[in-house]
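K.L.:
got a predicted model here, sequence first, then my questions.
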Amino acid sequence: MLSIEELIAAIPHALLRVDLPGLGPRLEGKVRDIYLAGEQRVLITTDRVSAFDRVLGAIPYKGQVLNQLSAWWFEQLAPLAANHVVAVPDPNVTIAREAEALPVEVIVRGYLTGVTSTSLWTLYSQGVARPYGLELPPGLAKNDPLPEPVITPTTKATGGAHDERLTCAEVVERRLVAPDLWAEVQRIALAVFKQGQAIARQAGLILVDTKYEFGLIDGQPALIDEVHTPDSSRYWQVEGYEAARSAGEEPENFDKEFLRLWFAQQGYRGEGQPPPMPPEFVAQVAQRYIAAYERLTGQAFVPGVQPAAERIQQTWRKGL
């Protein structure tokens, strides 16, 4: 594990953007740069960090952790689900097949949790019948494991808008996804989530919930984007979960929620100018990302060289 001092020293060199002259149009997401290259995409995961739909700074090596951890997960899950990865030639770079993204994000939940007014736990605790169209047994407490993982889909947010929460029935009723395809997407998502939970448990982590994005490649559903990273999934530590519940406290998050909670403690909720992140806090967040990588993969994280435009051009061509 890199020390706090090493991570603070790396902050000024965090990767914020890579320009690739002559390589297709460039799309900038919240945390990655995407270059279109014919039927493939060059995905560059940067160290930019977002919370509350805003870019709030940079966490050193975050991009390398997300890129390499997601690639590792895709390998573990390959027997269960096709994915878009062609090659991972660089610590920050994935070459991916172009996919027709489905207009629905698939949220899979293994625990009854949440703090917002529309969270599954809030609706359940208020006595809402069939929250998100789900049949949940009575008597569950906050942060209890659900009898079986459930799916609460959302539309893909655009232009800074919030995701629109849906039931599985509404996905079909509104013709967002064809019935047979939606049934297959749900089957794959639940199988992948259960396998993810098993792998995480072996690493001393609880995979609480996650977001999957699916696309069509050659007409068949495939996982795209990233999978089971601290940005796309919520994790708790096994050793602290029971103790927190016994004490009536929230389990400690081992994911990006750690960052969001810090901003909330500073009084920031996503409006106006966010407070600056002190270097010591930035380093702590970086350690969380690295620790998740090391626990899950069983490998020590070794920082790679920041990608240079010329080298990415070369690795992309090799990936073809």
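P.N.:
Thanks, I have it.
K.L.:
can we go C-alpha only for contacts and neighbour counts from here?
P.N.:
OK.
K.L.:
give me the secondary structure label for Gln76.
P.N.:
Gln76 falls in the helix class when you classify it by DSSP: H, G, I helix; E, B strand; the rest coil.
K.L.:
kindly report the same for the one 4 residues further on.
P.N.:
Secondary structure state of Leu80, per three-state DSSP, is coil.
K.L.:
find the nearest non-adjacent residue to it, please.
P.N.:
Of all residues not flanking Leu80 in the chain, Val192 sits nearest, at 6.5 Å (C-alpha to C-alpha, 6 or more residues apart in numbering).
K.L.:
in this structure the one you found contacts Pro79, no?
P.N.:
No. Counting by C-alpha atoms under 8 Å, Pro79 is not a contact partner of Val192; they are 9.5 Å apart.
K.L.:
between the two, point out the one with more neighbours.
P.N.:
Taking other C-alpha atoms under 10 Å, Val192 and Pro79 do not tie; Val192 has more neighbours (23 against 9).
K.L.:
the helix or strand hosting the more buried one packs against which elements?
P.N.:
Applying DSSP states H and E as the criterion places Val192 in helix 179-202. Counting contacts by 3 or more C-alpha pairs under 8 Å, 6 or more residues apart in numbering; DSSP states H and E, helix 179-202 is packed against strand 100-111, strand 145-151, helix 168-173, strand 205-217, strand 220-224.
K.L.:
export the last one as CSV, just CAs?
P.N.:
Once non-C-alpha atoms are left out, strand 220-224 reads as follows in CSV (Å, rounded to 0.1, in the frame of the first residue of the first chain):
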residue,chain,number,x,y,z
GLN,A,220,-26.3,-9.7,-28.1
PRO,A,221,-26.3,-8.1,-24.6
ALA,A,222,-22.8,-7.4,-23.2
LEU,A,223,-21.5,-5.6,-20.1
ILE,A,224,-20.0,-2.2,-21.0
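K.L.:
residues near Leu205, how many?
P.N.:
Using other C-alpha under 10 Å, Leu205 is surrounded by 23 other residues.
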